[in-house]
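Peer 1: Next input, structure requested:
(one chain, ligands or ions: 1)
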Amino acid sequence: MIPFNKPYLTGKEAHYLYQAVYSGHISGNGIYTKKCQAFFEERWGFKKTLLTTSCTDALEMCAMLLNIEPGDEVIVPSYTFVSTALAFVRQGAKIVFADSRADHPGMDEDKIEQLITPKTKAIVPVHYAGVACDMGKIMAIANKHHIFVVEDAAQAVDSYYRSPTPTLPQGEGVKKPLGSIGHLGCFSFHETKNIQCGEGGLLAINDDRFVKRAEILWEKGTNRAEFFRGEINKYGWVDTGSSFLPSELNTSFLYAQLEHLEEIQNRRKAIWDTYHNAFATLQAKGMVVLPNVPEYATVNGHMYYLICRSLDVRTALIQYLKQHNIHAVFHYQSLHKSEFYKNKYTGESLVQADKYTQQLVRLPFHLDLTNDDLQFIVNTIKQFFDEE
Ligand SMILES: *Cc1c(COP(=O)(O)O)cnc(C)c1O
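Peer 2: I've put the predicted structure just below:
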């Protein structure tokens, strides 16, 4: 069976893990935590980053930093992973679900403004498949209404948004890394993501107002980070928080992956291109719709998906691939229709989110896929549509 996902190992993970184990410091905020954070700050210019135990945790930190309280509203796409909404629900927020775009699973930027009320505290765009939302539009709306933007960049490491520049043609603006544009940005290093350490995440703090408090929330509500920098001579309990920081066991593993970023990303983008070129004919025949990458966005090779004509076609395709030993999957039940939220949801029907819920299929995507594997997957899918 060609698996859907297989966590990639660079070969250095066990070495750095060994180093961490025998360094005598394996709790959080040690050498490898600092190395990883420095990598993000140097490679992509993030002002301040904190590693977390997951992207879910990073999102929870955001909900705390924004002082989300019962009665506050947070705008979240319905077609996303649970955590995007859950982190804010835990603080008592009412989630206002936004529909997806007709041409992309990301939230429809043109439908955000009509969801804003005096209670709206934040918008949480998700860069689905690592493809940027139109951050120019979203930031303009947020600034106009004085609300915060938290980017769920869980899938979007090493992907960019090109901001329009009046002096340059469309699509040639300045490239800004995703996760660095909103007030806060969150990344995931779960084993299904491009860069992984089993479970892990990162909070990017792009607005200086949040830096000091973020460090406190991160270290169980204490000012321990300041203490370790020698800025104060005793630390204690000063705020709310939790144990959001990962141990050095996770961060040493993660560092090995970051060191091989270029190689991982080059191969992932090549896999994406192979799929995309191979399926162009299927799209031309109207059999499937391929991922759309707007001119302001880039591809980071996080995932490849096809949008089938109907739920029935998708079910049959997944079944057919399984018979040929290929594991393809679908995901995201619209959150407004989930067991947990359906009785609380009062908004209108979200047609696009439901479309992706029923028609989107994800193809195997990992670095163990050989060119032969890719050719086999492509041929099998083409065969399915020929026979259909
Ligand atoms: C993976 C993912 C998350 C959750 O990340 P964890 O690190 O597993 O907590 C959140 N949002 C999106 C869009 C994701 O893809």
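Peer 1: among the helices and strands of this protein, which has the poorest mean pLDDT?
Peer 2: For the chain, the helix or strand with the lowest mean confidence is helix 224-228, at a mean of 90 (criterion: mean pLDDT, DSSP states H and E).
Peer 1: name the helices or strands packed onto that helix?
Peer 2: With contacts taken as 3 or more Cβ pairs under 8 Å, 6 or more residues apart in numbering; DSSP states H and E, helix 224-228 sits against helix 211-218. In this view, the C-beta of every residue, glycine as well, is placed from N, C-alpha and C.
Peer 1: List the buried residues of the helix it packs on.
Peer 2: Buried residues in helix 211-218, defined by neighbour count with 16 or more other Cβ atoms under 10 Å: 213-218.
Peer 1: now these in JSON lines, with distance to the ligand and pLDDT?
Peer 2: Converted to JSON lines, the buried residues of helix 211-218 look like this (distance: Cβ to the nearest ligand atom, whole Å; pLDDT from 0 to 100):
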{"residue": "Arg213", "distance to the ligand": "21", "pLDDT": "98"}
{"residue": "Ala214", "distance to the ligand": "17", "pLDDT": "98"}
{"residue": "Glu215", "distance to the ligand": "20", "pLDDT": "97"}
{"residue": "Ile216", "distance to the ligand": "21", "pLDDT": "97"}
{"residue": "Leu217", "distance to the ligand": "17", "pLDDT": "98"}
{"residue": "Trp218", "distance to the ligand": "16", "pLDDT": "97"}
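Peer 1: Among those, which pair sits farthest apart?
Peer 2: Spatially, the most separated pair among the buried residues of helix 211-218 is Arg213 and Trp218, at 9.4 Å (Cβ to Cβ).
Peer 1: For Pro105, see how far away His276 is.
Peer 2: In this view, His276 and Pro105 are 16 Å apart by Cβ to Cβ, to the nearest Å.
Peer 1: before we move on, which element is Val76 in?
Peer 2: In this structure, Val76 sits in strand 73-77 according to DSSP states H and E.
Peer 1: Show me what the next helix-or-strand element following that strand is packed up against.
Peer 2: Tracing the chain past strand 73-77, the next element assigned as helix or strand by DSSP H and E is helix 82-89. With contacts taken as 3+ Cβ pairs under 8 Å, 6+ apart, helix 82-89 sits against helix 55-65, strand 73-77, strand 94-98.
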